[in-house]
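Output the structure for:
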Amino acid sequence: MNIYNLLKVLTGKSKLVYLQAAIILCLGLIQAACFAQDKPADNAPVGNPFVRDIYTADPSAHVWKDGRLYVYPSHDVAPPRGCDLMDKYHVYSTDDMVNWKDEGQILQASDVAWGRKEGGFMWAPDCAYKNGTYYFYFPHPSGTDWNHTWKIGVATSKSPASGFVSQGYIKGLESMIDPCVFVDDDGQAYFYYGGGGTCKGGKLKGNMVEIDGEMQKMEGLEDFHEATWVHKRNGIYYLSYSDNHDVNGKHNQMRYATSNSPLGPWTSKGIYMDATDSYTNHGSIVEYKGQWYAFYHNSSISHQDWLRSICVDKLYYNADGTIQKVVPSAAIKSK
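Presented below is the predicted three-dimensional model:
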């Protein structure tokens, strides 16, 4: 029996009581419906920053063979204590640059047998794909004296976002951070890393875990600090990075240089993104479905330098191949 039929058989005071109850019930249902509309669903579009449930930084973005775009960031742990507590890498993916899926955690310090026994210090990573295997590269110290014992670890998987197993580290490297791996059109992979004003690059062997020959300094970079990223467009190689900008409380502009060779020498082309509200910045540049994007991080959610959040904005090139300055926006809209 519905409310209308019930009211027809009731009279007087009983009818009034049931009428009041019906009105309250309807108002409650309307309020619940409105709340459900306001509450975002899982993986709903959220704009920038596009990850909000945990703090993330240093986004490395790649498009893989399944047609999705994957982002491999570092993870700032709250409450922060500088950047020493960073741990527990997650992966995020999308197929429309609007809706983002947390693919889950893929690695943490306790999974790394050769790593620092105190854990933490899982800084900016990168990922590459070759011959059916995904290679996840991450910096991590091997000793308590973390600043002088950095290694570049490698974990592998047959999936882009799960099943990664630590395989050791790249032998023979200096104690530096921020690995970047670029695979050229001919399948040759190049490895870059750096920090503290030094950027080096070299070839990787076919096994993707050994350096082929000697690492060499990347010449021609202006005010290099860290955060190397290499991409290629129309036959031109681009090396982007964060600089040592420190003016009026602003830090780390994003610069880039170009070359006709993946190992330089490089020609400085200037700044493609101004400093954000974070003490650091670290980014990647990738093309997806015909549009280029710049990934970066800021502190717009936490307002703390070491609790950062990853963002993305569209990036455009001029006719001469130079990059137009990226102006961070509030949200990314689908095409």
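
Just want the phi and psi numbers for residue 111.
The phi/psi pair for residue 111 (degrees, to the nearest 10) reads phi -80, psi -10.

and it, how many neighbours?
17 (other C-beta atoms under 10 Å). The C-beta positions use only the backbone N, C-alpha and C, and glycine is treated the same way.

And for residue 132?
Applying other C-beta under 10 Å, we find 7 residues neighbouring residue 132.

Now for it: which residues touch it?
residue 158 (C-beta atoms under 8 Å, 6 or more residues apart in numbering).

can you give me the helices in the protein?
Residue ranges of the helices in the chain, as given by DSSP state H, are 3-9, 12-38.

Could you find the closest non-adjacent residue to residue 75?
residue 88 (5.0 Å; C-beta to C-beta, 6 or more residues apart in numbering).

so what's that neighbour up against?
Contacts of residue 88 by C-beta under 8 Å, 6+ apart are 75, 77, 105, 107-108, 122.

let's see 7 Å
Residues in contact with residue 88 (C-beta atoms under 7 Å, 6 or more residues apart in numbering) are 75, 105, 108.

and the gap between the first one and residue 147?
When you say that, I think you mean residue 75. Relative to residue 147, residue 75 is positioned 20 Å away (C-beta to C-beta, to the nearest Å).

likewise the last one?
As judged by C-beta to C-beta, residue 108 and residue 147 stand 21 Å apart.

Residue 119 contacts residue 87, doesn't it?
Yes. With contact defined as C-beta atoms under 7 Å, residue 119 reaches residue 87; the gap is 6.3 Å.

Between those two, which contacts overlap?
Shared contacts of residue 119 and residue 87 (C-beta under 7 Å, 6+ apart): residue 109.

re earlier: more neighbours, residue 108 and residue 147?
residue 108 (15 against 11).

Now the more buried one: closest residue in space that isn't a chain neighbour?
Of all residues not flanking residue 108 in the chain, residue 88 sits nearest, at 4.5 Å (C-beta to C-beta, 6+ apart).

ditto for residue 218
residue 199 (4.4 Å).

what's near enough to touch the one you found?
Residue 199 touches 192, 218, 221, 224, 228, 241, counting by C-beta under 7 Å, 6+ apart.

Among those residues, which one sits closest to residue 311?
residue 241 (17.8 Å; C-beta to C-beta).

For that closest one, give its distance to residue 50.
23 Å.

Need the pLDDT of residue 246.
pLDDT recorded at residue 246 is 94.

hmm, I was thinking of residue 189
98.

Might you report the residue contacts of it?
Residue 189 makes contacts with 128, 130, 181, 183, 204, 208, as judged by C-beta under 7 Å, 6+ apart.

now residue 298
Applying C-beta under 7 Å, 6+ apart, the residues contacting residue 298 are 49, 276-278, 308-309, 311.

again, only using 6 Å
Residues in contact with residue 298 (C-beta atoms under 6 Å, 6 or more residues apart in numbering) are 276-278, 311.

filter those to the buried ones?
276-278, 311 (16 or more other C-beta atoms under 10 Å).

where are the low-confidence patches of the stretch 1-150 of the chain?
1-46 (pLDDT under 70).

hmm, back to that, which one of the contacts of residue 199 has the most neighbours?
residue 241 (29 neighbours).

Okay, and the beta partners of that one?
Going by DSSP bridges, residue 241 is paired in beta bridges with residue 255.

My guess is it contacts residue 228. True?
Yes. Taking contacts as C-beta atoms under 6 Å, residue 241 lies within contact range of residue 228: 5.3 Å.

Nearest to residue 163, out of the contacts of residue 88: which one, please.
Nearest to residue 163 among those, with distances taken as C-beta to C-beta, is residue 105, at 11.8 Å.

and that closest one, how many neighbours does it have?
Using other C-beta under 10 Å, residue 105 is surrounded by 16 other residues.
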